[in-house]
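Asker: Fold the following for me, if possible:
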Amino acid sequence: MSSAPILAITMGDAAGVGPEIVARALTQEDVLRRCRPLVIGAVDILSRAGQLVDSPLTWQRVSAPAEARFQPGTVDVLDLGNLTWEKVTPGAVCPAAGKAAAEYVLKAGELALAGEVEAVVTAPLSKEAMRQGGYHYLGHTEILAELTGTPRCTTMLVSGELRVVHVTRHVPLSQVAQLITRERVLSTIALTAESLRALGLARPRLAVAGLNPHNGEGGLLGREEIEIIGPAVAAARAQGIDAQGPFAPDSIFWRALRGEFDVVVAMYHDQGHIAIKVHGFERSVTVTLGLPIVRTSVDHGTAFDIAWRGQADPQSMIEALRLAAQMARGRGEDKETQKPGPRAKAQG
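Answerer: Here you go, the predicted structure:
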């Protein structure tokens, strides 16, 4: 049997584009060479999505990961029995679909923690549907952070050669400035550097964006760069991290694309998301940094407006699967190199 990593792939909100992008992505031979997919979702809904996009795949129900056979032409589906097609209204907010989508993520996280899968890849869910279904999370990251007991994690967006990490994410813009603290900026820089080293960059080069227009213009347009962000960057450098900044947000992403930096640390959600999506919306991927498990995701929403029309582009899901497989292999290789030899075992 293949030694490729097993990826738990959540179906996402069944009323959105999740099922069809999963169905399309898993027809890619390149993806199937890199991983062994275990989809967590509803077999009947995935079968419908497969028919919609003319997928040649067969969807096989399993009750546990150990039952998965990963046979060519067949996708193993861990069906939780929590959703049927009759409860789904395509393209609309459905509490039943939102509830099921949250439960798929929780199950995937549990499997990853137990070591039954080597990474988690998530299709989009609807925050509103999830809330109406009884789960009051802001998104995937919050679900997995609570499940794994992770006190501090953040999001890295990847689109080709551009990487962006956020200090703050799902908060109103009116609250961002008060959340930009020296400690939060420094911990994000440190977490970013540590995570990129785990991805194979021995000494990652970090650029830190400012918060205000023109980087605060020497204090005329805000003092966060002088009093908070700059000192955090200096503290990171004192710890041996190759961090520079703060830089004016309107130019630093362009400089990163030129190759000056490996990643940009952005201060808030849209500051980073806009840069990534303008650069390469269709292939951008989300990675959660700081979790004890590998998790990647598409970088788009449920797209209710085009759901179940066969129009959804699977490229972001394809890239998320590729990156998850790469990260899982890298983590596995790290564990192998850390194993003690026979002498060390005897001394233990």
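
Asker: CA atoms for contacts and neighbours, from now on please.
Answerer: OK.

Asker: For residue 305, pull up the helix or strand it's in.
Answerer: Under the criterion of DSSP states H and E, residue 305 resides outside all helices and strands.

Asker: Do I have it right that it meets residue 91?
Answerer: Yes. Proximity of residue 305 to residue 91 meets the contact threshold set by C-alpha atoms under 8 Å, at 6.0 Å.

Asker: could you pull out the helices for the stretch 151-300 of the chain?
Answerer: 173-179, 182-198, 224, 230-238, 249-257, 269-280 (DSSP state H, counting those that start in this stretch).

Asker: List phi and psi for residue 104.
Answerer: The main-chain torsion angles of residue 104 are listed as degrees, to the nearest 10 and equal phi -60, psi -40.

Asker: which sections of the chain are below the confidence cut-off?
Answerer: Within the chain, the set of residues satisfying pLDDT under 70 comprises 1-2, 332-348.

Asker: Please repeat the previous calculation with a cut-off of 50.
Answerer: 1, 337-348 (pLDDT under 50).

Asker: Okay, domains of it per the record?
Answerer: Structural domains annotated on the chain: 1-150+291-348, 153-285, as defined by automatic domain parsing.

Asker: May I see these arranged in TSV, with mean neighbour count as well?
Answerer: Putting the domains of the chain into TSV (neighbours: other C-alpha atoms under 10 Å) gives the following:
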stretch	mean neighbour count
domain 1-150+291-348	20
domain 153-285	19
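
Asker: Of the helices of the stretch 151-300 of the chain, which is nearest residue 319?
Answerer: Within those, the stretch nearest residue 319 is helix 269-280; the backing value is 11.7 Å (C-alpha to C-alpha).

Asker: now the helices of the stretch 151-300 of the chain as TSV including distance to residue 14?
Answerer: Shown next, in TSV, are those (distance: least, C-alpha to C-alpha, whole Å):
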stretch	distance to residue 14
helix 173-179	30
helix 182-198	32
helix 224	43
helix 230-238	43
helix 249-257	35
helix 269-280	24
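
Asker: Surely residue 13 touches residue 127?
Answerer: No. With contact taken as C-alpha under 8 Å, residue 13 and residue 127 are classed as non-touching, separated by 9.7 Å.

Asker: what's the overlap in contacts for the two?
Answerer: Listed as contacting both residue 13 and residue 127 by C-alpha atoms under 8 Å, 6 or more residues apart in numbering are residue 98.

Asker: of the helices of the stretch 151-300 of the chain, which approaches residue 37 most closely?
Answerer: Checking the helices of the stretch 151-300 of the chain against residue 37 by C-alpha to C-alpha gives helix 182-198 as the closest, at 23.0 Å.

Asker: Which neighbouring elements make contact with the closest one?
Answerer: The elements that helix 182-198 packs onto, with contact taken as 3 or more C-alpha pairs under 8 Å, 6 or more residues apart in numbering; DSSP states H and E, are strand 162-166, helix 230-238, strand 285-289.

Asker: Show me the contact partners of it.
Answerer: Helix 182-198 is touched from outside by 153-154, 165-167, 202-204, 206, 228-229, 231-233, 235-236, 241, 243, 265, 289-290, 330-331, with contacts defined as C-alpha under 8 Å, 6+ apart.

Asker: For the top helix by length along the chain, what is the distance to the chain centroid?
Answerer: Across the chain, the helix with the greatest residue count (assigned by DSSP state H) is helix 315-338. If you compare the mean C-alpha spot of helix 315-338 with that of the full chain, they lie 12 Å apart, counting by C-alpha atoms, centre = their mean, to the nearest Å.

Asker: Now tell me what touches it from outside.
Answerer: By C-alpha under 8 Å, 6+ apart, the residues outside helix 315-338 that reach it are 4-5, 7, 21-22, 25, 31, 34-35, 118-121, 123, 198-200, 282-286, 294-299.

Asker: CA atoms only for stretch 64-75, dumped as PDB, please.
Answerer: What follows is stretch 64-75, C-alpha atoms only, in PDB (Å, rounded to 0.1, in the frame of the first residue of the first chain):
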ATOM      1  CA  ALA A  64     -13.600   4.100  10.600                       C
ATOM      2  CA  PRO A  65     -10.300   5.100   9.000                       C
ATOM      3  CA  ALA A  66      -9.000   1.600   9.400                       C
ATOM      4  CA  GLU A  67     -11.600   0.400   6.900                       C
ATOM      5  CA  ALA A  68     -10.400   2.700   4.200                       C
ATOM      6  CA  ARG A  69      -8.700   0.800   1.300                       C
ATOM      7  CA  PHE A  70      -7.700   3.800  -0.900                       C
ATOM      8  CA  GLN A  71      -8.400   1.900  -4.100                       C
ATOM      9  CA  PRO A  72      -7.900   3.600  -7.500                       C
ATOM     10  CA  GLY A  73     -11.200   5.100  -8.700                       C
ATOM     11  CA  THR A  74     -12.800   4.900  -5.300                       C
ATOM     12  CA  VAL A  75     -12.900   7.500  -2.600                       C
END
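
Asker: Done for today, thanks.
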